[in-house]
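This is the structure alone, sequence omitted:
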């Protein structure tokens with residue numbers, strides 16, 4: 001099939017409208033992104049959209065209208081709050097979901113009893129719908145899963161030869177798809193954020209909910225809106241969204257090799273980069289995001305670290321698209337520790353920590369902070385109150401006596417932990433220097449794992465651990481076994497940790513490098 005490229009002249013738009021009426025597919029510009037349109041009342045024409053895009057059939061489409069009056073024939077009723085939104089915003093980059101009428105084919109609604117309706121602002125889009133004389137069902141005009149097209153050239157890259165025609169109307173002004181709000185239930189819910197923000201909507205109809213699926217990878221049986229169920233907007237490269245301020249982002253990505261940065265204009269980036277707008281300008285980020293993702297493919301990027309947008313206002317729409325392009329892979333540099341390092345005694349955690357230090361990570365050692373904290377006057381008073389004043393000698397804790405009493409029962413041990421763990425964790429956080437590793441045998445017990453971007457446990461077989469403990473502490477095998485038995489099982493660490501390093505003396509550095517490559 002040859003794709004006919006049309007202008008946005010009146011005659012060409014009339015030609016495109018005729019194609020729509022006769023069951024063909026036409027890609028056309030809107031203020032958000034380019035859409036791939038078909039007659040919304042023609043079941044076979046709509047099915048051809050799914051075939052051209054490679055789009056799953058259970059992903060519903062949005063129906064576009066040129067006049068508000070047309071909406072009545074598409075839905076069974078217009079709830080009062082939905083009507084308020086239509087009156088306040090249409091035409092706009094806003095889609096309102098309502099209960100559908102019998103005129104909407106199953107292929108449009110993907111088997112749901114609802115339909116999303118939108119009235120585009122873009123003059124070319126409005127003229128095309130009017131010329132077609134029918135509502136137009138249209139998703140974005142790209143190969144399913146790829147970044148949405150904000151220019152005619154991107155449409156041709158994905159769909160050239162698969163559709164009847166393309167109207168070249170220049171670059172899209174908004175750059176991300178419409179806000180989608182469901183008015184089909186008792187409470188209005190924003191399913192997909194866009195240029196019409198939650199704050200703007202709430203000024204018209206009062207409080208609305210934001211679907212958790214907008215920012216989190218939540219499994220859904222049926223997608224109520226486009227962009228909810230599947231990986232979307234993704235370039236060929238693996239994308240990782242990096243949360244944190246400019247300084248931390250720059251330091252983090254500039255330490256990487258063989259990767260690209262997706263960043264803001266003015267960021268001091270020394271590795272190959274593509275920018276997608278100005279910091280503090282959600283609108284410019286929205287307008288440039290999809291083109292930037294496609295540019296990364298053009299440059300041959302394999303892995304990309306993307307600086308996270310604000311996540312509020314229009315920035316919520318940008319973050320929604322970016323987090324899905326990244327398949328929800330994130331790194332949070334605002335957490336005190338990038339890595340939480342733990343494991344059983346004798347597993348060889350110190351070796352792993354030393355290698356991470358050589359790689360440029362700063363180490364916050366829980367044992368070091370424990371020795372400092374236990375001499376704090378406030379902590380000493382709490383320990384004395386719990387275990388007896390005689391444990392304090394010459395202004396310091398008698399560690400042997402404290403240990404004897406604290407570990408005499410599970411209840412006493414819990415009391416010791418309740419005093420020491422928060423204090424040690426607080427001290428480690430205060431002493432953390434980016435990028436930081438929290439080396440803590442009791443990482444999970446003290447709650448430190450919640451402050452780490454990833455947790456890594458180091459393991460080794462029992463025979464190796466026994467030998468290491470005996471050599472390290474100059475103790476007998478029986479004494480070493482008692483120490484091993486006093487700790488949690490290997491299964492405890494494996495279940496709770498994100499990553500594992502098997503310290504058997506082979507390929508340890510390679511294992512660590514792979515973890516850093518995969519997760520950070």
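Sure, I can see it. Just so you know, these numbers come straight off a predicted model, no measurement behind them. Numbers count the residues shown, from 1 in each chain.

May I ask you to name the longest helix in this structure?
As assigned by DSSP state H, the longest helix anywhere in the chain is helix 410-431.

In the lowest-mean-pLDDT helix or strand in the chain, which residues are buried?
Of all regular secondary-structure elements in the chain, judged by mean pLDDT, DSSP states H and E, the least confident is helix 477-485 with a mean of 84. Neighbour-count burial for helix 477-485 flags 480, 481, 483 (criterion: 16 or more other CB atoms under 10 Å). (Glycine included, C-beta is placed from N, CA and C.)

ditto for stretch 124-141
For stretch 124-141, the neighbour count (16+ other CB under 10 Å) marks 124-129, 131-132, 134-141 as buried.

In strands, which of those residues appear?
Residues of the buried residues of stretch 124-141 located in strands (DSSP state E): 136, 137, 138.

Mind listing the residues bridging to the first one?
On the basis of DSSP bridges, residue 136 takes part in beta bridges with residue 39, residue 64.

Residue 281 versus that one, what's the distance?
32 Å (CB to CB, to the nearest Å).

and residue 56, what element?
Counting by DSSP states H and E, no helix or strand carries residue 56.

Could you measure from it over to residue 139?
For residue 56 relative to residue 139 (CB to CB), the value is 11 Å.

contacting residues around residue 124?
8, 13, 28, 29, 167, 169 (CB atoms under 8 Å, 6 or more residues apart in numbering).

Please disregard the earlier target; I meant residue 422.
So residue 422 contacts residue 446 (CB under 8 Å, 6+ apart).

now do residue 351
So residue 351 contacts 503, 508 (CB under 8 Å, 6+ apart).

Which pLDDT does the model give it?
Listed pLDDT for residue 351 reads 93.

Okay, it and residue 177: tell me how far apart.
Applying CB to CB to residue 351 and residue 177 gives a distance of 49 Å.

again with residue 478
Residue 478 is 67 Å from residue 177, by CB to CB.

before we move on, what about residue 67?
According to CB to CB, residue 67 and residue 177 sit 22 Å apart.

Just want to know which of the two has more residues nearby.
For residue 67 versus residue 177, the count of surrounding residues by other CB atoms under 10 Å is larger for residue 177: 31 against 13.

check contacts around the residue lying closest to that one once chain neighbours are set aside.
Among residues not flanking residue 177 along the chain, residue 32 sits closest, at 5.0 Å (CB to CB, 6 or more residues apart in numbering). Residues near residue 32 by CB under 8 Å, 6+ apart: 93, 120, 172, 174, 175, 176, 177, 178, 194, 195.

If we use 10 Å, what do you get?
For residue 32, the contact set (CB atoms under 10 Å, 6 or more residues apart in numbering) comprises 92-95, 118, 120-122, 125, 140, 148, 150, 172-179, 194-195, 286, 317.

For residue 454, give its distance to residue 520.
If you go by CB to CB, the gap between residue 454 and residue 520 works out to 7 Å.

shared neighbours, those two?
Counting by CB under 10 Å, 6+ apart, the shared contacts of residue 454 and residue 520 are 331, 338, 339.

Buried ones from these, can you make that a PyMOL selection?
Applying 16+ other CB under 10 Å to these, the buried members can be selected in PyMOL as follows:
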select buried, resi 331+338+339
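
possible to save the shared contacts of residue 454 and residue 520 as TSV with secondary structure?
Below are these laid out as TSV (DSSP: H, G, I helix; E, B strand; the rest coil):
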residue	secondary structure
331	strand
338	strand
339	strand
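
would you list the shared contacts of residue 454 and residue 520 in a markdown table and tack on pLDDT and distance to residue 106?
Output for these, formatted as a markdown table (pLDDT from 0 to 100; distance: CB to CB, whole Å):
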| residue | pLDDT | distance to residue 106 |
| --- | --- | --- |
| 331 | 96 | 42 |
| 338 | 97 | 49 |
| 339 | 98 | 50 |
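
Name the nearest of the shared contacts of residue 454 and residue 520 relative to residue 410.
residue 339 (30.2 Å; CB to CB).

Correct me if wrong: the closest one contacts residue 455.
Yes - the criterion here is CB atoms under 10 Å, and residue 339 meets it with residue 455 at 7.6 Å.

What is the neighbour count of residue 176?
Count around residue 176 with other CB under 10 Å applied: 29.

Show me the shaky parts of the stretch 201-350 of the chain.
Under the criterion pLDDT under 70, the flagged ranges of the stretch 201-350 of the chain are 218-232.

all strands of it, in order?
Remark: strands assigned in the stretch 201-350 of the chain by DSSP state E, counting those that start in this stretch are 209-210, 238-243, 260-265, 273-278, 303-307, 330-332, 337-343.

Show me what the shortest one pairs with in its sheet, parallel or antiparallel.
Next to strand 209-210 in the sheet, as set by DSSP bridges, lie strand 189-192 (parallel).

Which residues are in contact with each of residue 56 and residue 139?
residue 50.

Do a quick rundown of the helices in the stretch 201-350 of the chain.
With helices called from DSSP state H, counting those that start in this stretch, the stretch 201-350 of the chain shows them at 246-254, 282-298, 314-325, 349-358.

buried residues in the longest one?
Applying a neighbour-count criterion of 16+ other CB under 10 Å, the buried positions in helix 282-298 are 282-297.

any idea which of those residues is the one closest to residue 209?
Here the nearest of the buried residues of helix 282-298 to residue 209, counting by CB to CB, is residue 282; it sits at 21.3 Å.

list the contacts for residue 6?
Contacts of residue 6 by CB under 10 Å, 6+ apart are 12-16, 19, 26-28, 128, 152, 165-169.

same check, this time on residue 413
Residue 413 sits in contact with 405, 406, 407, where contact means CB under 10 Å, 6+ apart.

Reformat these as TSV; add secondary structure and pLDDT.
What follows is the contacts of residue 413, written out as TSV (DSSP: H, G, I helix; E, B strand; the rest coil; pLDDT from 0 to 100):
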residue	secondary structure	pLDDT
405	helix	88
406	helix	86
407	coil	85
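
Just give me the closest of those residues to residue 310.
Distance to residue 310 across the contacts of residue 413 (CB to CB) is lowest for residue 406, with 47.0 Å.

Could you count how many residues lie near that closest one?
21.

Now it: closest residue in space, sequence neighbours ignored.
Leaving aside its sequence neighbours, residue 406 sits nearest to residue 416 (CB to CB, 6+ apart; 4.0 Å).

For stretch 2-22, what is the distance to the chain centroid?
39 Å (CA atoms, centre = their mean, to the nearest Å).

Now it: average pLDDT?
pLDDT averaged over stretch 2-22 gives 97.

Next, the distance between the ends of it.
17 Å (CA to CA, to the nearest Å).

Which positions in it come out as buried?
3, 4, 6, 8, 12, 13, 15, 16, 17, 19, 20.

Tell me the one of those nearest residue 246?
The closest of the buried residues of stretch 2-22 to residue 246 turns out to be residue 8 (CB to CB; 39.8 Å).

give me the element the closest one is part of.
Applying DSSP H and E, one finds residue 8 in no helix or strand.

Make sure it is actually in contact with residue 126.
No - counting by CB under 10 Å, residue 8 stays clear of residue 126, with 11.1 Å between them.

And the strands in the stretch 51-200 of the chain, which stretches?
Going by DSSP E, counting those that start in this stretch, the stretch 51-200 of the chain shows strands at 62-64, 94-99, 114-118, 136-138, 165-167, 179-182, 189-192.

Including mean pLDDT, could those go into TSV?
Formatted as TSV, the strands of the stretch 51-200 of the chain follow (pLDDT from 0 to 100):
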stretch	mean pLDDT
strand 62-64	98
strand 94-99	98
strand 114-118	97
strand 136-138	98
strand 165-167	98
strand 179-182	98
strand 189-192	96
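
So for residue 428, which of these sits nearest?
Residue 428 lies closest to strand 189-192 among these, at 39.0 Å (CB to CB).
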